[in-house]
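*Asks:* could you work out the structure for the sequence below:
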Amino acid sequence: MHITSQKGHKRWLLITACVVGSFGPIFSLATQNQFDHAAQLTLDLLHWPIDGVQTYTGGTMRFLTALTGGFLFGLGVMIFFLRQWVYDLAPEPTRKAIVVSLVAWFVMDSIGSASVGAYSNVLFNVLVLLAAVGPLWWPTRAA
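*Replies:* As a prediction, the model looks like this:
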């Protein structure tokens, strides 16, 4: 099995779904004080250096975090079910739709991060994009 074969791409889509969706619970649970440490640490890592400046003290921050977590988890679930229900019917259009959506996330998130001086998050975004897309960059090869 080659990584750009239909079978290889379908397997990679599990990784993609997990990479994207894994951020959802971290941020959604951060809306509750007892769980906000993981999200604070994550934001501190993304807005290097680790200095404790990133906090969840405001209601607006917690609300936006809940929205972000929900969208990320939902996107991960959508990718999983595209893999389950659509990929076999239309492998190349499914691959393209997922890659384009991840590139769109990357561009918007990176522009926003750079505009607030979180350049370390732009670098992190590159790593997440590469991990999530992986061999999906290349067209699907027939098995």
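
*Asks:* would you mind measuring from the spatially most central residue of the chain to Trp105?
*Replies:* What sits nearest the mean C-alpha location of the chain, by CA atoms, centre = their mean, is Val20, with 3.0 Å. Going from Val20 to Trp105 by CB to CB, to the nearest Å gives 8 Å. All C-beta spots, glycine's among them, are computed from the backbone N, C-alpha and C.

*Asks:* neighbours of the closest residue in space to the residue nearest to the centre of the chain that isn't next to it in sequence, how many?
*Replies:* Using CB to CB, 6 or more residues apart in numbering and skipping residues adjacent in sequence, the residue nearest Val20 is Gly76, 4.2 Å away. Number of residues near Gly76 (other CB atoms under 10 Å) recorded here: 21.

*Asks:* ok, back up a step: ok, the residue nearest to the centre of the chain to Leu102 distance?
*Replies:* Taken as CB to CB, the span from Val20 to Leu102 is 8 Å.

*Asks:* who touches the helix or strand harbouring Met108?
*Replies:* Element membership for Met108, per DSSP states H and E: helix 91-115. By CB atoms under 8 Å, 6 or more residues apart in numbering, the surrounding residues in contact with helix 91-115 are 6, 9-10, 13, 16, 20, 46, 75, 79, 82-83, 86-87, 119, 121-122, 125-126, 128-129, 132-133, 136-137, 139-140.
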